[in-house]
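In: missing the sequence, but the structure's below:
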C-alpha cells in the first residue's frame, strides 16, 4: 500500500514538473508583450480569476507587489457589484482562466476595457472567448492534469503559478529591483530585519575571521579556506588588509598547474579587494556584492585595518544565492 501511495505521489510530481517545463516552448511574443505593457503602464497590475485560478491570481499579485510592481487582486463577481471602480485607465489586468471560458471573467472584460485597462489573458484556451477578447495572451496550456480524472485543476494551476513567477522575475530584472528595495518592501521579514542591520552587527570576528600572512604558501591558504566556512581567506599584514584569496582562486590555480607548495599567497591574491566600513548597512553591502558578483566582503576601518568579514549566505540565508558564478569571481574592480 505504501508503495502505491508513493508511486502515485511521484507520478503527480512528474506530471506537474512536465507541465512547467512544457511552458518553456510556449513562451512567445505574447509574454514579451505582457511585460512591455506592464513596464509602460502608468497604472497598476490587477490580477483576477475565479476558484483555483483566483487563488493563483492572488499569489501572483502578492509576488508582484512585493517585488516592485504595484498590484491588487480583483474578484470578478465583486467587480460586477461595484469593485470595478478600482480599475483605472492605464491599468493592466492579468485575467486567469485555464479554459478561457469562465463566464464571470468573460462578462468582466468589456467593463475593464471601458475603464481604460488592457487585458492580458493567462489561459490554456488559445481559441477561447477570453483569449479572443484580450489584448495579449500568455499561453499556459499543459498536456494533462495530474488528477487521474484529468478534471481537477492540478498541473494547470501549478503551471499558471510558475508562469506568474516567470513574469515577476523578468519584471524584477527590468526594473532593476535590488536587495535594498526588497528590504523596504519586507520590513517585518527575517531578510528585511537582517538587511536593516549594520554590517558590524552581522560580521564574523575573532577566531571566525579567516586571516593569513602574505608570506603564507598557497597550499596553506587552501587549508585555511577549507577550515573556515566562508570560501575565502583575508591576507593581512600587521592588521591591515592586503588582499583576498577565494575558493574560486584555488580552482583557477589548479587548472593553471600552480606550484601551491612553493608559491606565496601574496603573489597570487587579489590585491586591494572591495571592502566596506562597519557603519555600512547590510542592504548596501549586499547591493555591492551583487554588483561585483562576490560572496564575501571584508569590513575595515578608515586605515584598512580588518575588523571582520560578511558572507552573502549569512545575509540572504543559506541556499538563496541568485547570481551566477559568484564563487569564481575575484573581489576586485
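Out: Perfect, thanks for sending it. Small disclaimer: the values here were computed from a predicted structure and weren't measured.
In: quick one: average pLDDT of stretch 261-269?
Out: Mean pLDDT, stretch 261-269: 93.
In: which other residues reach that stretch?
Out: Identification of contacts with stretch 261-269 by C-beta atoms under 8 Å, 6 or more residues apart in numbering yields 212-221, 233, 235, 242-245, 249, 253, 258. Any C-beta I mention is one placed from the backbone N, CA and C, and that applies to glycine too.
In: quick one: the helices in this protein?
Out: Along the chain, the stretches classed as helices by DSSP state H are 2-26, 29-40, 52-66, 76-79, 103-114, 129-133, 155-175, 179-185, 190-196, 218-227, 247-256, 265-268, 282-292, 312-316.
In: of the ones you listed, which approaches residue 94 most closely?
Out: Of all the helices of the chain, helix 52-66 sits nearest to residue 94, with 6.6 Å by C-beta to C-beta.
In: what distance do you get for the nearest residue to residue 108 once chain neighbours are set aside to residue 89?
Out: Spatial nearest neighbour of residue 108, excluding adjacent residues (C-beta to C-beta, 6 or more residues apart in numbering): residue 76 at 4.9 Å. Counting by C-beta to C-beta, to the nearest Å, the separation of residue 76 from residue 89 is 20 Å.
In: sorry, back to before: so which of the helices of the chain is nearest residue 207?
Out: Per C-beta to C-beta, nearest to residue 207 of the helices of the chain: helix 218-227, 10.7 Å.
In: next, the angle from the closest one to helix 247-256.
Out: Calculated by axes from the mean of the first three to the mean of the last three C-alpha atoms, to 10 degrees, helix 218-227 forms an angle of 140 degrees with helix 247-256.
In: on that earlier part again, from residue 119, how far off is the residue nearest to residue 108?
Out: Relative to residue 119, residue 76 is positioned 12 Å away (C-beta to C-beta).
In: again, but for residue 216
Out: Counting by C-beta to C-beta - residue 216 and residue 119 are separated by 64 Å.
In: tell me which of those two has more neighbours.
Out: A count of neighbours by other C-beta atoms under 10 Å puts residue 119 above the other of residue 216 and residue 119, at 24 against 19.
In: when residue 76 and residue 89 are compared, which one has more neighbours?
Out: More crowded of residue 76 and residue 89, by other C-beta under 10 Å: residue 76, with 26 against 10.
In: wait, the more buried one touches residue 51, no?
Out: No - contact criterion C-beta atoms under 8 Å: residue 76 and residue 51 do not qualify, at 10.3 Å.
In: where do the contact lists of these two overlap?
Out: What both residue 76 and residue 51 touch, as defined by C-beta under 8 Å, 6+ apart, is an empty set.
In: now residue 163: closest residue in space, sequence neighbours ignored.
Out: residue 140 (5.3 Å).
In: neighbours of that neighbour, how many?
Out: Neighbour tally, residue 140, other C-beta under 10 Å: 29.
In: how close does it get to residue 146?
Out: 15 Å.
In: could you find the closest non-adjacent residue to residue 214?
Out: Nearest non-adjacent residue to residue 214, counting by C-beta to C-beta, 6+ apart: residue 266, 3.0 Å away.
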